[in-house]
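Asks: Model the following, please.
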Amino acid sequence: MDGYGYRAEGCFRNVFRSFVCVALSLLLGLHIYAYFWGPTQETLDGDFSDIKYVVMQLTRGLSEVNRKHERLQTEMERISSVLPAVAAAAGRAKEALVDPVLRMRNNRQIGDAPDYDRQLADYALESAGARVLDTGDTVEHVIYESPIGWALHMLTAWVCRECLGARAMIRPGTLPGECWAFKGSRGEATIRLLGTVRITGVSVEHIPPHISPTREISSAPRLVQVEGLENRFDPYPHDYGSFEYDRDGKPIQYFDVLFPSLKGHNILRIRVLSNWGHPVYTCVYRVRVHGDLANNPRVAVADDGDARIENE
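Replies: Numbering: from 1, shown residues only. Presented below is the predicted three-dimensional model:
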């Protein structure tokens, strides 16, 4: 019974498929007859005309695109042939107009902070032999957390006139707070260099605003004066000039001395004449002295009443 049903279903499918094929063949034949031999010949001719017109338009468009591509390719080849000469001319102009050393000095900036000490010798560096001799009447700015701390600070300042805080500006560390902070906007420090130096320039360093806890550096020195002394109590020091530290410039700024001295000095006085607006104190992070050493570095020899300064 199951086999008979399967055969009947298969026979029915074959008959249906045959009927569909015959019907489709008849319909296709009638459509072809009507299309080619019926009353629609004019419609066919119109369709062919439209197709021919579209093909012609596409051909014209492709021809125009090809012409534009050829012109663009020619222009690119011409530009490519000129570029090497332009690049060479730009390089020569850059070399002629911009000398790296002059550019850095004119901008009062030489190098970045991490490698600065590898570029110029610093004759005021404490680890090389320089010393802070005195700070005059400058009052150190200290935040006292207790009366005992205040008393200890006063005792230290009375026993040691070198003012340990001023030594921070001739040491390498320049993290926030590692500076010489003094009250007000005016202060001075007398520094014995590591030898007699024909001074050609000085550098002043301050932290940039983005690492300052307050995000501003109004405590940075603004106008700085440099004097050379024959001895610690020289009444007629040599004025090397005054320089303005730009708080919007790089952290380390180089200044050529305005009035150089040929004989050189081994004692230098740094005077801070103003700051950038802080009403309470001024911070000097680092001062460097550059030039040429006129003699051998001194060997702990005191002169002109400075013996007690050497006994640190």
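Asks: What is the burial count for the closest residue to Glu216 other than its chain neighbours?
Replies: Spatially, and ignoring its direct neighbours in sequence, Glu216 is nearest to Pro209 (5.8 Å; C-beta to C-beta, 6 or more residues apart in numbering). C-beta coordinates here come from the backbone N, C-alpha and C atoms, glycine included. By other C-beta atoms under 10 Å, 15 other residues sit near Pro209.
Asks: if I read this right, Pro209 contacts Ile217, doesn't it?
Replies: Yes: counting by C-beta atoms under 8 Å, Pro209 does reach Ile217; the two are 5.3 Å apart.
Asks: who touches both of those two?
Replies: Residues touching both Pro209 and Ile217 by C-beta atoms under 8 Å, 6 or more residues apart in numbering: Arg247.
Asks: which stretches of the stretch 101-250 of the chain have low pLDDT?
Replies: 101-115, 143-164 (pLDDT under 70).
Asks: If we use 50, what do you get?
Replies: 106-111, 145, 160-163 (pLDDT under 50).
Asks: for Glu70, helix, strand, or coil?
Replies: helix (DSSP: H, G, I helix; E, B strand; the rest coil).
Asks: and what of Thr214?
Replies: Taking three-state DSSP, the label given to Thr214 is coil.
Asks: Could you do Phe233 as well?
Replies: coil.
Asks: For it, what are phi and psi?
Replies: Main-chain dihedrals, Phe233, degrees, to the nearest 10: phi -110, psi 30.
Asks: Ser219 is in what secondary structure piece?
Replies: Using DSSP states H and E, Ser219 maps to neither a helix nor a strand.
Asks: where does it fall, phi/psi-wise?
Replies: According to degrees, to the nearest 10, Ser219 has phi -80, psi 0.
Asks: What ranges does this protein have for its helices?
Replies: For the chain, the helices defined by DSSP state H cover 2-37, 41-97, 100-106, 147-159, 307-310.
Asks: Quick one: mean pLDDT for the first one?
Replies: It refers to helix 2-37. For helix 2-37, the mean pLDDT works out to 60.
Asks: ok, now the second one?
Replies: Averaging pLDDT along helix 41-97 gives 72.
Asks: now swap in the last one and tell me
Replies: When pLDDT is averaged along helix 307-310, the result is 36.
Asks: Then stretch 282-293?
Replies: 94.
Asks: CA atoms of it as PDB?
Replies: This file holds the C-alpha atoms of stretch 282-293, laid out as PDB (Å, rounded to 0.1, in the frame of the first residue of the first chain):
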ATOM      1  CA  THR A 282      60.200  84.000  45.700                       C
ATOM      2  CA  CYS A 283      61.700  80.600  44.600                       C
ATOM      3  CA  VAL A 284      65.000  80.200  42.800                       C
ATOM      4  CA  TYR A 285      65.400  76.600  41.700                       C
ATOM      5  CA  ARG A 286      68.700  76.600  39.900                       C
ATOM      6  CA  VAL A 287      71.400  79.100  38.800                       C
ATOM      7  CA  ARG A 288      74.100  78.000  36.400                       C
ATOM      8  CA  VAL A 289      77.200  80.000  35.400                       C
ATOM      9  CA  HIS A 290      78.900  79.400  32.000                       C
ATOM     10  CA  GLY A 291      82.100  80.500  30.500                       C
ATOM     11  CA  ASP A 292      85.800  79.600  30.300                       C
ATOM     12  CA  LEU A 293      87.900  78.600  33.200                       C
END
